[in-house]
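S.K.: I'd like to go over a predicted model; first the sequence, then the structure.
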Amino acid sequence: MSATTLAGDLRAFGAAALKEWRLLRRYPSLLVGFLFWPIALPLAYVFQARGFAGDSQAALDAFAQRAGTTEVAGFLFLGWAAYMWISMVLWGPGTALRTEQVRGSLEALFMTPVSRLVILFGPVLSQVVWAVWMFSIVAATMTLVFGVELAVASALRALAVIFIAVPALYGLGALFAAVVLRFGEVSALVQGVRGLFTVFCGMSFPIAVLPEWGRAVALALPPTYLIGDLRHVLLSGAGLVELIPDLAILLSLGLLLCGLAVVAFRRTERYARRGGSLAQY
Amino acid sequence: MPAMNAELRAALAIARKELRIARRYPLQLVNEVLQPLYQFLIPSLLLGATFLVGGRAIGLEAVTGTADLVGYLFLGVVVGSLVSAAFWEMAFGLKREMDSGTLEPAWLTPTRPETLILGRAFSAMLIAVAASTVLVVIGMVLFGASLRDGLLLAFPALALASVSMVGVGYLVASVVLLIREPNFFVDATNWLFAMISGVAFPVLVLPALIQPLAYLLPTTYAVDLLRVYALDTRPLLDPALEWLALVVLAVATIRLGLTAFGRTERRMRIRGTLGQH
């Protein structure tokens, strides 16, 4: 790739992100949603945990033993914040392609000389702003409302965990995008995978409470490591060295998924071009 | 009276049409059962399992009077699905009609707009009841909920709550007509309504400032009576008072909802904004 092409792609990348950002700003109710859900969703589970614990110290001790922390609110806020970020990254590229398909602009986009990576991930870039916004809200709520102490060093370690999880999540996102190109409507698949993650990855519970087969499923899914490791560094004060085995698995899964995504995307694009199905939905 | 019969026939015809459309999408119908399971029930059950001591939900028992975690949550979902039917099918259904451009032509027919929404309410409530029944059976057979026969005594409470939810549906529909992007509004208010009613947790754990709101919602009493009769939980108030509240709220919400909807509809006709979205 020449330097000129790279510079052109980077400009297109920025333009795609800017366009999505402008679209988001046109719908203020979406902005309110980004403020409301990061607090409201985990809060419901915090109330639920209060109902399940009652005033019983034994019940709270049982939670601490299984979850590895006494911070019930922090545990739940982190789990659901990670889930919301995962949702954005996973469905972002596929949803962006689907939206272009429905608007009738996908074929035109594929006729431009820009890299496919721009089409896939350019619109998702604007969501980074929302991810930062969401994690800030969650951190503020945990600290100010629930008194959870978040040290700067722990926050930096959490950023490192997020950074290591990026290839796995974006790889999954690109795989979804390939499915969109091949089949068009994928909401049932999205719901199914979302359900799989909610049931197994431990957003609202420690995976220790799953049966043995359930733990095996959980350990094959990248979000489990992301959520578990974020809780370890932020709530239990774990260092990155202790998490090396987990992070190595996360990174390996990421590389595997990215490789699969590249192959799948190329094949489906070829299929769509040959069959002329890019504009069909 | 003949006019009323005609409106009722129209409402039933609309309900039949909606049910026919629903049958065309069997996967969506299956999702009515699966979605509450994976999105709410299983994560909540597993959170509950984290607090078990010796396999028993002693914390929940101390707050509510029952240690049947599964029964407690599955019965909550029954009322949650009524709330969802009012918010998404009755009210947000108008937005779908707006998007597909069929709202204005439908309102030009001699059928009253209220009837068009009532028809959607019939079909939505029927689907909600069917999905809830399947969920409760799943809760009993697969997850081991043990519900008492007293459950049947709570059915009139569910019927009264359904009437109230039709009123609430009219109220929310008025807002949907007024705002052009109602997705967040419907999603957030549906969620808050269900949560504050105690669908997912005991109302008693809500902050003192929010608890009074719970006592204004008909669904709070419906879910409480359901749990009292099926699980022998401690009631929030004297059950006789809860029944009275359900009757009063059913009448009040229907009147309020119809008034708000009638005013909004008149306003939109005068301004000619029905087709805009």
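M.R.: On my side now, so go ahead.

S.K.: now the helices for chain B?
M.R.: With helices called from DSSP state H, chain B shows them at B:2-23, B:26-36, B:42-50, B:58-64, B:69-84, B:92-100, B:103-107, B:113-141, B:155-178, B:183-196, B:211-214, B:218-231, B:239-271.

S.K.: Make CSV from the ones you listed and add mean neighbour count and mean pLDDT to it.
M.R.: Quick note: C-beta positions are derived from backbone N, CA and C, even for glycine. Formatted as CSV, the helices of chain B follow (neighbours: other Cβ atoms under 10 Å in any protein chain shown; pLDDT from 0 to 100):
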stretch, mean neighbour count, mean pLDDT
helix B:2-23, 14, 91
helix B:26-36, 16, 87
helix B:42-50, 23, 97
helix B:58-64, 22, 97
helix B:69-84, 26, 96
helix B:92-100, 17, 84
helix B:103-107, 15, 85
helix B:113-141, 20, 95
helix B:155-178, 23, 95
helix B:183-196, 19, 94
helix B:211-214, 14, 97
helix B:218-231, 27, 97
helix B:239-271, 16, 95
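
S.K.: Include distance to chain A when you put those helices into TSV, please.
M.R.: Shown next, in TSV, are these (distance: least, Cβ to the nearest Cβ, whole Å):
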stretch	distance to chain A
helix B:2-23	16
helix B:26-36	6
helix B:42-50	4
helix B:58-64	4
helix B:69-84	8
helix B:92-100	12
helix B:103-107	20
helix B:113-141	14
helix B:155-178	12
helix B:183-196	4
helix B:211-214	11
helix B:218-231	12
helix B:239-271	19
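
S.K.: residues contacting B:I196?
M.R.: B:V203, B:L206, B:I210, B:L213, B:A214, B:L217, B:T220 (Cβ atoms under 8 Å, 6 or more residues apart in numbering or on different chains).

S.K.: can you check A:M203 too?
M.R.: A:G79, A:W80, A:A82, A:Y83, A:F197, A:I227, B:P43.

S.K.: just curious, which of these is nearest to B:L34?
M.R.: Nearest to B:L34 among the contacts of A:M203, counting by Cβ to Cβ, is B:P43 at 13.6 Å.

S.K.: any idea how far A:T95 lies from chain B?
M.R.: A:T95 sits at a distance of 15 Å from chain B (criterion: Cβ to the nearest Cβ, to the nearest Å).

S.K.: got it, and A:A174?
M.R.: Separation of A:A174 from chain B (Cβ to the nearest Cβ) stands at 24 Å.

S.K.: A strand includes that residue, no?
M.R.: No. With DSSP: H, G, I helix; E, B strand; the rest coil as the criterion, A:A174 is located in helix rather than a strand.

S.K.: just checking, it touches A:I119?
M.R.: No. Under the criterion of Cβ atoms under 8 Å, A:A174 makes no contact with A:I119, lying 11.0 Å away.

S.K.: Flag every residue of the stretch 101-250 of chain A that's near chain B.
M.R.: Residues of the stretch 101-250 of chain A lying close to chain B by Cβ under 8 Å from any Cβ of the partner chain are A:188, A:191, A:194-196, A:198-199, A:203-206, A:209-210.

S.K.: Please pick the buried ones from the residues you listed.
M.R.: Those of these that meet the buried threshold are A:Q191, A:R194, A:G195, A:T198, A:V199, A:M203, A:S204, A:F205, A:P206, A:V209, A:L210, by 16 or more other Cβ atoms under 10 Å in any protein chain shown.

S.K.: show me what contacts the fifth one?
M.R.: Under the criterion of Cβ under 8 Å, 6+ apart, the neighbours of A:V199 are B:Y38, B:I42, B:P43.

S.K.: Now A:M111. Its backbone dihedrals?
M.R.: Note on A:M111: its backbone torsions stand at phi -90, psi -10 [degrees, to the nearest 10].

S.K.: Quick check: it vs A:R273, distance?
M.R.: Using Cβ to Cβ, to the nearest Å, A:M111 is found at 10 Å from A:R273.

S.K.: Ramachandran angles for whatever residue is furthest in space from the centre of chain B?
M.R.: Ranked by distance from the centre of chain B (Cα atoms, centre = their mean), the top residue is B:G54, with 35.2 Å. Dihedral pair for B:G54: phi 60, psi 30, per degrees, to the nearest 10.

S.K.: For it, give me its contacts.
M.R.: Listed by Cβ under 8 Å, 6+ apart, the contact set of B:G54 is empty.

S.K.: Tell me the pLDDT of it.
M.R.: Looking at B:G54, its pLDDT reads 94.

S.K.: For the buried ones among the residues of the stretch 101-250 of chain A next to chain B, work out which two are farthest apart.
M.R.: Based on Cβ to Cβ, the longest span within those runs between A:Q191 and A:P206 and measures 24.7 Å.

S.K.: ok, A:R157 - how many residues close by?
M.R.: 21 (other Cβ atoms under 10 Å in any protein chain shown).

S.K.: Wait, A:P38 touches A:I137, no?
M.R.: Yes. Counting by Cβ under 8 Å, A:P38 touches A:I137, with 4.8 Å between them.

S.K.: Who has more neighbours out of these two?
M.R.: Using other Cβ under 10 Å as the criterion, A:P38 and A:I137 rank with A:P38 on top: 24 against 18.

S.K.: what's the helix or strand for the more buried one?
M.R.: Secondary structure assignment for A:P38, by DSSP states H and E: helix A:28-53.

S.K.: now that helix, how far from the chain's geometric center?
M.R.: When distances are taken as Cα atoms, centre = their mean, to the nearest Å, helix A:28-53 is centred 17 Å away from the chain's centroid.

S.K.: list the helices and strands that helix packs on?
M.R.: Packing partners of helix A:28-53 (3 or more Cβ pairs under 8 Å, 6 or more residues apart in numbering or on different chains; DSSP states H and E): helix A:3-25, helix A:57-67, helix A:72-103, helix A:116-144, helix B:42-50, helix B:58-64, helix B:183-196.

S.K.: Contact partners for A:E212?
M.R.: Per Cβ under 8 Å, 6+ apart, neighbours of A:E212: none.

S.K.: Excluding covalently adjacent residues, which one is nearest to A:L125?
M.R.: A:A17 (3.7 Å; Cβ to Cβ, 6 or more residues apart in numbering or on different chains).

S.K.: Hmm, B:L82 is touching B:A159, no?
M.R.: No. Using Cβ under 8 Å, B:L82 is not in contact with B:A159, being 10.2 Å away.

S.K.: from the residues of the stretch 101-250 of chain A next to chain B, which ones fall inside helices?
M.R.: A:A188, A:Q191, A:R194, A:G195, A:L196, A:T198, A:V199.

S.K.: Put together JSON lines for those residues, with distance to A:L247 on each row.
M.R.: Below are those laid out as JSON lines (distance: Cβ to Cβ, whole Å):
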{"residue": "A:A188", "distance to A:L247": "33"}
{"residue": "A:Q191", "distance to A:L247": "30"}
{"residue": "A:R194", "distance to A:L247": "24"}
{"residue": "A:G195", "distance to A:L247": "26"}
{"residue": "A:L196", "distance to A:L247": "22"}
{"residue": "A:T198", "distance to A:L247": "23"}
{"residue": "A:V199", "distance to A:L247": "24"}
